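J.: Need coordinates for the following:
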Amino acid sequence: MPFLSSGPVVGSDASAFRPTPPIPPQTTMPFLSSGPVVGSDASGFRPTPAGRLNDPSVPPPPPSSYAPPTVGPFQHFPTPQFPSTSQVHPPRNPPMGPPMLSPQFKPPAGHVSSAPVSLHPQSQMPSVPMGSPPQSISPMTSNMNVPKSSLDLSFSAPRPTSQLSSPPMELSYSAVRPTSQSAFPGYPSKQSNAVTQAPPVQSASFLAHQGGYVPPPPASSTPFLSHQGGYVPPPPAAAPLALYSREQMQHPGSAPPMGSVQGLIEDFSSLSLGSVPGSIDPRLDSKTLPRPLDGDVEPNSFADMYPMNCNSRYLRLTTSAIPNSQSLVSRWHLPLGAVVCPLAEAPDGEEVPIVNFATTGIIRCRRCRTYVNQYVTFTDAGRKWRCNICALLNDVPGDYFAHLDASGRRIDLDQRPELTKGSVEFIAPAEYMVRPPMPPLYFFLIDVSISAVRSGMLEVVAQTIKSCLDRLPGYPRTQIGFITFDSTIHFYNLKSSLTQPQMMVVSDLDDTFVPLPDDLLVNLSESRSVVDALLDSLPSMFQDNLNVESAFGPALKAAFMVMSQLGGKLLIFQHTLPSLGIGRLRLRGEDLRVYGTDKEYTLRIPEDPFYKQMAADFTKYQIAVNVYAFSDKYTDIASLGTLAKYTGGQICYYPSFQSVVHKEKLRHELARDLTRETAWEAVMRIRCGKGVRFTSYHGHFMLRSTDLLALPAVDCDKAYAMQFSLEETLLTTQIVYFQVALLFTSSSGERRIRVHTAAAPVVADLGEMYRQADTGAIVSLFCRLAIEKTLSYKLEEARNFVQQRIVKALREYRNLYSVQHRLGGRMIYPESLKFLPLYSLALCKSTPLRGGYADAQLDERCAAGYTMMTLPVKSLLKLLYPNLVRIDEYLLKASPLAHELNSFWKRLPLAADSLDSRGLYIYDDGFRFVIWFGRMLSPDIAMNLLGEDFATDYSKVLH
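T.: All right, here's what the predicted structure looks like:
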């Protein structure tokens, strides 16, 4: 039975449509799905052939001359050769009913409860069919006869091939992903004017291609999927199929079926889908697709509603409308949580005020220990204050007392920033110190094996450290130290009375010891000349080193022994896979037998518990670890990254490092690491109102108790995500308050507490939750959850997790308005989530999640995962959807002025149409800065930028 995807049937024409009974089965099959057939009934599987509209002008489908093999665990059907879509004659049938159109709605500025954005654009606006995006989340070669998960239906499509082939329109199944058609669920779409003929909607030839299961109906049954996109359950079958990943298809029998997917079929069957696979709608204007060309746009209604909240760069909720019941949470489907960046750089012209209570002591609630903030209320003529978190009445200390005015406000409110500002820093008294504040300490552990020296890494690192010494935070208290290693460990005496550093070599790797108790850590201002001499001599000292071994584990223990008294930051520069002593690692990443099996995730987690135990010891003694990894071979970033994961550190990975190519990138990242303001010896806790509780935390830290995050070092480039849930079935409060408190030691030696406080309303309307959603926070939390899932499951399951949650959320939102607005099967979305499908697609294509083992090196995948786990929202969104800017027009101006750059600095969509062969473009994702030269670029620009030797032949330019 054919089904039509040209739009909902409305009006009198809907009742006039009568499906034609299917044609009795024939001996030849008009089309066979490429999906696998499994189960006891596999050998007897025969899909019902396609019926036709009752129109003699439509030619019958050509018979097929092949039959499926029945050998092996799966049935793989050869791909038939069909003519290109450009040669297909359009069907002659008129549309079955007029398309349902409604004007595109734009909410007024500041309007919170805006109507949903409909996918029925104005008639003159170019349309986007409800298909799938142009590129695949799981890239596959064009000739692979493997089905994709049904979750990919709305988010992925095969990569374009040089020769597009698809069934004739009379044979097409109207739900398969278009090959070159860019479309997302939730984007504007106009109905097609052509009626596409298809096999029965519930036939295996349609849904097996999606990876889902629907059994073929018996010849006598006539299941019909309504023109409006409604779902009709398929007839029962004895042997259900299951979803199979690409890795499972490559390794038959490697994993059991994932079980019933009936729920997913219902999700996807309710969505309108694209038309002919491989076709491009000539009326489609890709410029109408929502793209975040303005970067991260934060929701304004939240800030307008509660102007005293802390800035969103410090705390962002996934929705600013807190659900009032568990039933509302169950219909939300998206993560319910927050993203916290406690030391984010303050907005221009603003500074976080510093408050010193001196002898009064910090004002806190007796019961829940909330810090006094802008949302507490004063009563009893100013003698008591009520906690906004737990509602307890607290006494106001005598030194803090102030009278209230007629409105109940303190008369000294203007002199109390902690009562008017959402972010504030308190100077902590002695009771907040376990020990006196330690000075900032930078310790460098550097690989000096032959590969590290020859790549130029050692020279660049030494030069960069030296250039940053004057800008290290904490002068003149800053401490510094060095250890180098290959097959032995080299300590350096940097005593200020020396003219040259003294090197001491320890070759005993089984019982590592520190040869000199003092002078391995020195005050930088006192020993500056000795430190400079060491950095100048390091490259030449090891330039003839032929040692290929790495005693990284023993060297790591030696660094811990030196630093354990003070704590600080350990910067590791590792080039060779650890091969000697404790912590040595093996080349497990080259075991191809593991890929595609249920054990694949083990390659992405540490193999040796030594590194996790060392990370726990580092955290206990307030040592943060940053790992800089350089190698052209496997170095097991999964294991080394554990050191950064549990100490609040970061991973910087430079595969196949060569100083000629990567020098500037390393210099920039290392210089920022050394010179940015850092908080030391920190712990962080987030409190929330009654009835709400934080349940999980995601990022780089050590969880000291159920809700206390231990952070040996924190900076402005680190963010932490967390999820919360409702403790009660029904919330009785109207507002929920959140307070983030970070206790730390500043580089100047002060113990401080940075506090961020925000309020959010409690709502009973699911639509309001969606309208107040924050796409940036949702994507950031999804990113962390998906990356963590790759540590226990296959990559495909992590991608499916994201896609499934988003499909269910958008479907839930559409159901709120489908009857009211007569939307039928069309997808709608709130304005707040218009970029969510795009960002989720970009997330699934990102290095930690994309494809299979062949799509990214194991070390590169693990390093990217560690990096994305720590990124603030704006940095993450920029990495997922980078900037693309054309600059040749700006360079051609006679005398360009700096302020004119803003008019040229206009972000372009990341599409091939944005690139002009006569242009010069900059691509910037926050980690890479790529300059794209058009082949027909003006010779003057090429000559000035590249010089005469390279302007005529771009292939000579190093990449």
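
J.: ok, the nearest residue to R672 once chain neighbours are set aside - how many residues close by?
T.: Closest residue to R672 apart from its sequence neighbours, by Cβ to Cβ, 6 or more residues apart in numbering: D717 at 7.8 Å. Every residue, glycine included, has its C-beta placed from N, CA and C. Using other Cβ atoms under 10 Å, D717 has 17 neighbouring residues.

J.: Any regions of this structure where pLDDT drops low?
T.: Applying pLDDT under 70 to the chain flags the ranges 1-286, 301-303, 590, 819-827, 894-904, 951-952, 954-959.

J.: Swap in 80 and give it another go.
T.: 1-289, 297-304, 517, 589-596, 818-827, 853, 890-905, 947-959 (pLDDT under 80).

J.: Outline the domain layout of it.
T.: 300-345+680-875, 359-420, 441-676, 882-958 (the TED database).

J.: Just the endpoints, please. Distance across the first one?
T.: Using Cα to Cα, to the nearest Å, the end-to-end distance of domain 300-345+680-875 comes out at 20 Å.

J.: And the top helix by length along the chain, what does it pack against?
T.: If each helix of the chain is counted by residues according to DSSP state H, the longest one is helix 795-817. Applying 3 or more Cβ pairs under 8 Å, 6 or more residues apart in numbering; DSSP states H and E, we find helix 795-817 packed against helix 262-269, helix 766-771, helix 775-789, helix 836-844.

J.: Which one, of those helices, ends up nearest to D296?
T.: Of all the helices and strands packed on helix 795-817, the one in closest proximity to D296, counting by Cβ to Cβ, is helix 775-789 (5.0 Å).

J.: Would you reformat the helices and strands packed on helix 795-817 as TSV and include distance to A559?
T.: Listed next are the helices and strands packed on helix 795-817 as TSV, based on distance: least, Cβ to Cβ, whole Å:
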stretch	distance to A559
helix 262-269	50
helix 766-771	49
helix 775-789	28
helix 836-844	36
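
J.: can the ones you listed go into JSON lines with extra columns for mean neighbour count and distance to A710?
T.: As requested, the helices and strands packed on helix 795-817 are arranged in JSON lines below (neighbours: other Cβ atoms under 10 Å; distance: least, Cβ to Cβ, whole Å):
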{"stretch": "helix 262-269", "mean neighbour count": "19", "distance to A710": "40"}
{"stretch": "helix 766-771", "mean neighbour count": "22", "distance to A710": "33"}
{"stretch": "helix 775-789", "mean neighbour count": "25", "distance to A710": "18"}
{"stretch": "helix 836-844", "mean neighbour count": "25", "distance to A710": "28"}
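
J.: Figure out which of these is closest to S527.
T.: Closest of these to S527 is helix 775-789, at 41.4 Å (criterion: Cβ to Cβ).

J.: what's the angle from the closest one to helix 836-844?
T.: 30 degrees (axes from the mean of the first three to the mean of the last three Cα atoms, to 10 degrees).

J.: Which positions in stretch 917-934 come out as buried?
T.: 919-921, 927, 933-934 (16 or more other Cβ atoms under 10 Å).

J.: among the residues you listed, which are in strands?
T.: Using DSSP state E, the members of the buried residues of stretch 917-934 that fall in strands are 920-921, 933.

J.: The residue nearest to R672: what's it in contact with?
T.: 650, 672, 676, 870-872, 875 (Cβ atoms under 8 Å, 6 or more residues apart in numbering).

J.: Distance to L289, secondary structure and neighbour count added to those residues, as CSV?
T.: CSV is the format used below for those (distance: Cβ to Cβ, whole Å; DSSP: H, G, I helix; E, B strand; the rest coil; neighbours: other Cβ atoms under 10 Å):
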residue, distance to L289, secondary structure, neighbour count
Q650, 34, coil, 25
R672, 35, helix, 13
R676, 37, coil, 14
T870, 30, coil, 25
L871, 25, coil, 25
P872, 26, coil, 24
S875, 24, helix, 20
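
J.: For those residues, could you give me a markdown table that also reports distance to D632?
T.: As requested, the contacts of D717 are arranged in a markdown table below (distance: Cβ to Cβ, whole Å):
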| residue | distance to D632 |
| --- | --- |
| Q650 | 22 |
| R672 | 25 |
| R676 | 29 |
| T870 | 25 |
| L871 | 26 |
| P872 | 31 |
| S875 | 28 |
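
J.: Pick the one among the residues you listed closest to R316.
T.: Of those, the one sitting nearest to R316 (Cβ to Cβ) turns out to be P872, at 9.3 Å.
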